[in-house]
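sequence first, predicted coordinates after that:
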Amino acid sequence: MGGTVKIFKKCAPNGRVYVYMGKREFVSCDGAVEPINGVVNIQDHHDTLKGRRVYVQLVITFRHGREEEETMGLSFKKELILDRVQVFPPEKRDSEETKLQSRLIQKLGEGAMPFTLNFPDLA
């Protein structure tokens, strides 16, 4: 008898792109952070993409100031892109699929593409 696994799912506003992840909080232990594994599922990916590329990014946001002070389009935050991976069309990958990724791909079908993002060593 298998245990249950919680999957976090996020959908794009148009309802065609979904991101599935097993974790959404990552903690640094002794200077190392485990990689971020997930699956991107694109509904009707042949019709939706039409030769376009799909990327997954690891972005962190530094917020300084309060949210109430953000008026007239003035925002007090900075974003940093730490890692970026092209998921469609698939590039050759160094890492193998995790058990979670392979199960999700099997369940979601041909529009599902796995990704792995890594934090930099000094992050």
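Okay, I see it.

alpha carbons only for contacts and neighbour counts from here, please
Will do.

which helix of this protein spans the most residues?
helix 99-108 (DSSP state H).

pull the residues that contact that one.
By CA atoms under 8 Å, 6 or more residues apart in numbering, the residues outside helix 99-108 that reach it are G22, N37, G38, V39, N41, A112, M113, P114.

now do stretch 22-41
5-8, 17-21, 87, 98, 100-101, 104-105, 108, 111-119, 121-122.

any of these buried? List them.
Buried members of the contacts of stretch 22-41, scored by 16 or more other CA atoms under 10 Å, are 17-21, 87, 100-101, 104-105, 108, 111-117, 119.

state the mean pLDDT of the longest helix of the chain.
Average pLDDT, helix 99-108: 86.

likewise stretch 111-123?
Averaged over stretch 111-123, pLDDT sits at 81.

ditto for stretch 17-31
Averaged over stretch 17-31, pLDDT sits at 81.

hey, where'd the helices end up in this protein?
Using DSSP H, the helices of the chain run over 45-49, 99-108.

could those helices go into TSV alongside distance to F76?
Output for the helices of the chain, formatted as TSV (distance: least, CA to CA, whole Å):
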stretch	distance to F76
helix 45-49	34
helix 99-108	36
